[in-house]
Structures are given as structure tokens and as C-alpha cells.
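A.B. asks: Got a sequence here, can you build the structure:
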Amino acid sequence: MICVGKVCSIDPAHCTVRVIFEDRSNLVSYDLPVLVQQTKINKDFYMPDVGEHVVCVFLDNGSEQGFVLGAFYSKEDRVSSVVNSEKRRIDFGDGSWLEFDRSTGAYIVHITGDFVIESEKHGVIKASRLDLNP
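C.D. replies: Here you go, the predicted structure:
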């Protein structure tokens, strides 16, 4: 069964959420795992926000076992200002963003806070041209 609901609580330590289904008499789910890209050697992590619309899938044996497949854009939560199929972008709530343009190969990082790069070995910055004061 596939259902649409809104996140009503999150548990970041376990990467689970509870979802309220307004079209089902405000039924609240059990803790549902949020699907991510990888969990073994490489580990991906993100949590939907409370109030965010999500799509859930439940196993045939009832509404107790299911997963959050992901969030989707809606009238309340619109697509970011960058609408270009050649770009992949992540916008953060503080105004920071990351963007990759596959048509040009450009990777842009816009940060509103401190920027730190840590390395356990040596580091290299390599560019055919480097402008320190563009």
C-alpha cells in the first residue's frame, strides 16, 4: 500500500519518522525508516522536516511495517528558484547551497557560515587558473 502523509515527528538517531495521514482520520504511523542511498560502507543521512509531505510504502502484512520513500514538492513547498534539468542543487534553510551543472562541469558552493576543509593527509588545490579576488 502506498500512502501520502506529513511527518509529525523525527528520530535522527535511528533515521526514522512518524507520519500523520490526514486522509485516514489523522492516523499516525509507527516509526518508519527513511530510505537513503547507502548505509554500509558509505553512509548517507538526511531527515525530512516535521510538516514535510512524504510518500510511504507499507508491506502487505499491515500498516506497522513500512518505509518513507521520500519527500515531494507541493503547493506549500515549491521547487527551488533553479529550475534547470542540467543542474543538481541542494538549498539549505540558512541560505547556503551546493550546485553542480553537468552541462558546464561547474560546481558552485555558496556558504553563509564558516568553511572548513579537514584532511588526515596532505591537500592539493589544482586549477588551470585561480582568481583569489574575482
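A.B. asks: Mind listing the strands the least confident helix or strand in the chain by mean pLDDT pairs with, and their directions?
C.D. replies: Lowest on mean pLDDT, DSSP states H and E among the helices and strands of the chain sits strand 87-91, with a mean of 88. If you go by DSSP bridges, strand 87-91 pairs up with strand 97-101 (antiparallel).
A.B. asks: how deep is residue 52 tucked in, by neighbour count?
C.D. replies: Look at residue 52: counted by other CB atoms under 10 Å, it has 20 neighbours. Quick note: C-beta positions are derived from backbone N, CA and C, even for glycine.
A.B. asks: For it, give me its contacts.
C.D. replies: 6-7, 71, 77 (CB atoms under 8 Å, 6 or more residues apart in numbering).
A.B. asks: Show me the two of these that sit farthest apart.
C.D. replies: 7 and 77 (11.8 Å; CB to CB).
A.B. asks: For stretch 36-45, which outside residues touch it?
C.D. replies: 15, 46.
A.B. asks: Compute the first-to-last residue distance for that stretch.
C.D. replies: 7 Å (CA to CA, to the nearest Å).
A.B. asks: Stretch 38-52 now?
C.D. replies: Using CA to CA, the span of stretch 38-52 from its first residue to its last is 22 Å.
A.B. asks: sorry, back to before: in strands, which of the contacts of residue 52 appear?
C.D. replies: Within those, residues falling in strands by DSSP state E are 6-7, 71.
A.B. asks: So which of the residues you listed wins on neighbours?
C.D. replies: Neighbour max across these (other CB under 10 Å) = residue 7, 22 neighbours.
A.B. asks: can you tell me which residues contact that one?
C.D. replies: 17-19, 48-52, 54, 68.
A.B. asks: What's the PyMOL line that selects buried ones from the residues you listed?
C.D. replies: Selection of buried members from these for PyMOL, criterion 16 or more other CB atoms under 10 Å:
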select buried, resi 17+18+19+48+52+54+68
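A.B. asks: Let's see which of the contacts of residue 7 end up in helices.
C.D. replies: If you go by DSSP state H, these have nothing in helices.
A.B. asks: is it possible to export the contacts of residue 7 to CSV including pLDDT and distance to residue 106?
C.D. replies: Below are the contacts of residue 7 laid out as CSV (pLDDT from 0 to 100; distance: CB to CB, whole Å):
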residue, pLDDT, distance to residue 106
17, 96, 34
18, 96, 40
19, 96, 37
48, 94, 29
49, 94, 29
50, 96, 34
51, 94, 33
52, 93, 29
54, 95, 32
68, 94, 32
